[in-house]
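1. let's see this in three dimensions:
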Amino acid sequence: MSSSFRVPPVPLSDDQIDLFALSQAIWRQKLRIGMVAVGFGLIAAAYAYTATPEYHVSSVLRPAAINELDALNRSDIYKLPPGAALKKVGASLESYDTRLGFFRENRKLFEEFERPGRTLEQSFEEFNADSIKLSLPDPKKADSLSAYIKLSMNYPKGVDGVAILNGLVDYAIKTERQQIANDMEVIVANRLSEIKGKLDAARARYENDKEAKIASLTEADTVRRAQLQDELKALRTQLKTRRTNRVAQLDEAIGIARSLGIKKPATPSSLGEADRGGASSVMRTEINNQQIPLYFMGVDALMAEKTALMRRKSDDFTEARIAQIVKELQLLEVNRKIEVLNAREKEDLFLRDVEPLRAEEARLRNLNLDISRIKLVTVDRLALEPLAPVKPRKLLLVALGLLLGALVGVAFAGFQYFISLKKVAVEKIASLTRGAAAENTADRLEHRL
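-> Okay, here's the model as predicted:
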């Protein structure tokens, strides 16, 4: 005999949830749900009214007008368009060094961020991490009419955020102005040094040219002097030789005149007439196209000329060229061009192609540009004292607390509803199990009997 115990299947519920029953169960717990919502709302309200308020301020910078940077750009030293000036200030505002420098110079504004045991840099990191944000227009969007830089800051109560933000903007602008002034000072100094180098090169070139010209003039004078002296020496030698030859000619003519008995100057015709013994009162004119021999001058004239030639100490007066050479040699003793070149005092006046350099040097030295008055950017909106804190938003927190509390209460009520359903199902299964066990026992007894 065998027996088996089988529990009949009990339909607990359908696969679908009975929403009506669930809503009724939740509604029956409305008081508890309300209490939970009020509790959460009170917690949110307590946080909202006890948390430290946080405020928000912002400042907007836009490019400066063109005329504000005209003096700087017209200097031909530093080119800075308005857009570039805005980016320059924006980079300075975002710079760690600029913010740290402002932090160090304004310690009183940041007392709330300082903590015992922290270094200055650590305190600054707490401020710099999340306090100030810099935003630019989205280049992909075309709704922005012009470039701008927006600087925003969140700060807790007790901190003068308006002074910090406006002060940081002013500090960044002053820093960039000082940087521009330093850059211009270096650029001007470099250009002046370059001009000085070019002027020094021009002076050196002038000195070389002057020395070369003096050397050329001196050399030309030396060569000319040597040539004149050589010519003078040659002329004197020539004149001496000519005098010696003349003396020899005179000696020969004197000998002939003595042999002919010509004591006084005579002519060939007069010599013939003397031999014929003609009348002495007759005057004759002789036309002859041939040179009369020297001995016809007669012994007396020839001896007189010879004596004069022998007594002569210099033949210079007989040649006009010698006097001219002496004159030229005397003029060559002093070269007035060399004297003038050596006597120059303001030699810079004689430098060539340096007028533009001098004009540029004068312009750079007289450049009077007040960088402190240059407006790099336009502060379109200053940071103003906020009317209300941005955090915590009390009404929103309370509303969210109530909503969260209501959701928690509803969830708890639903959870209880499902727990109760489970208990009912378990009890039904237990009762059915007990009834089935009793029927099985009765069946076994009947079978035995």
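2. when you work out contacts or count neighbours from here on, use the C-alpha atoms and nothing else.
-> Noted.
3. can you pull the poorly scored residue ranges out of the stretch 51-200 of the chain?
-> 51, 138-145 (pLDDT under 70).
4. where exactly do the helices run in it?
-> Using DSSP state H, counting those that start in this stretch, the helices of the stretch 51-200 of the chain run over 70-73, 82-94, 96-105, 120-130, 161-260.
5. buried ones in the fourth one, by neighbour count?
-> Under the neighbour-count criterion of 16 or more other C-alpha atoms under 10 Å, helix 120-130 has 123-124, 127-128 buried.
6. tell me which other helices or strands that helix touches.
-> Judged by 3 or more C-alpha pairs under 8 Å, 6 or more residues apart in numbering; DSSP states H and E, the packing partners of helix 120-130 are helix 96-105.
7. likewise the third one?
-> Contact here means 3+ C-alpha pairs under 8 Å, 6+ apart; on that basis helix 96-105 packs against helix 120-130, helix 161-260.
8. ok, now which ones touch the nearest residue to E112 once chain neighbours are set aside?
-> Closest residue to E112 apart from its sequence neighbours, by C-alpha to C-alpha, 6 or more residues apart in numbering: V159 at 6.6 Å. V159 makes contact with 109-110, 112, according to C-alpha atoms under 8 Å, 6 or more residues apart in numbering.
9. circling back: could the buried residues of helix 120-130 go into JSON lines alongside distance to A411?
-> Listed next are those as JSON lines, based on distance: C-alpha to C-alpha, whole Å:
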{"residue": "S123", "distance to A411": "45"}
{"residue": "F124", "distance to A411": "46"}
{"residue": "F127", "distance to A411": "42"}
{"residue": "N128", "distance to A411": "43"}
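10. specify which member of the residues you listed is nearest to L402.
-> F127 (34.2 Å; C-alpha to C-alpha).
11. next up, the contacts around the closest one.
-> With C-alpha under 8 Å, 6+ apart, F127 has these contacts: F113.
12. helix or strand next in line after whichever strand or helix holds S23, which one?
-> Assigned by DSSP states H and E, S23 belongs to helix 19-28. Using DSSP H and E, the next helix or strand after helix 19-28 towards the C-terminus is helix 30-50.
13. and the helices in the stretch 251-400 of the chain?
-> Using DSSP H, counting those that start in this stretch, helices in the stretch 251-400 of the chain cover 268-276, 298-311, 320-332, 336-343, 355-365, 394-448.
14. to R99, which of those helices lies closest?
-> Ranking those by proximity to R99 (C-alpha to C-alpha) places helix 394-448 first, at 32.8 Å.
15. list the helices and strands the closest one packs on?
-> helix 19-28, helix 30-50.
16. nearest approach to E105 belongs to which of these?
-> Proximity to E105 (C-alpha to C-alpha) singles out helix 30-50 among the helices and strands packed on helix 394-448, at 33.0 Å.
17. buried ones in the closest one, by neighbour count?
-> Across helix 30-50, burial judged by 16+ other C-alpha under 10 Å covers 30, 32-34, 36-45, 48.
18. same question, stretch 241-260
-> Those would be 243, 247, 249-251, 253-254, 256-257, for stretch 241-260 by 16+ other C-alpha under 10 Å.
19. tell me which of those is nearest to A21?
-> For the buried residues of stretch 241-260, the residue nearest A21 by C-alpha to C-alpha is R243; the value is 167.0 Å.
20. could you check how far the nearest residue to that closest one once chain neighbours are set aside is from L302?
-> Take R243 and drop its neighbours on the chain: the residue closest to it by C-alpha to C-alpha, 6+ apart is L309, 6.9 Å away. Distance, L309 to L302, using C-alpha to C-alpha, to the nearest Å: 11 Å.
21. that older thread, who wins for proximity to F296 among the helices and strands packed on helix 394-448?
-> Across these, the minimum distance to F296, taken as C-alpha to C-alpha, is reached by helix 30-50, at 157.5 Å.
22. and that closest one with helix 394-448, angle?
-> Helix 30-50 and helix 394-448 are oriented at 150 degrees to each other (axes from the mean of the first three to the mean of the last three C-alpha atoms, to 10 degrees).
23. tell me, what residue is most central in the protein?
-> Centroid check for the chain by C-alpha atoms, centre = their mean gives I187 as the closest residue, at 6.5 Å.
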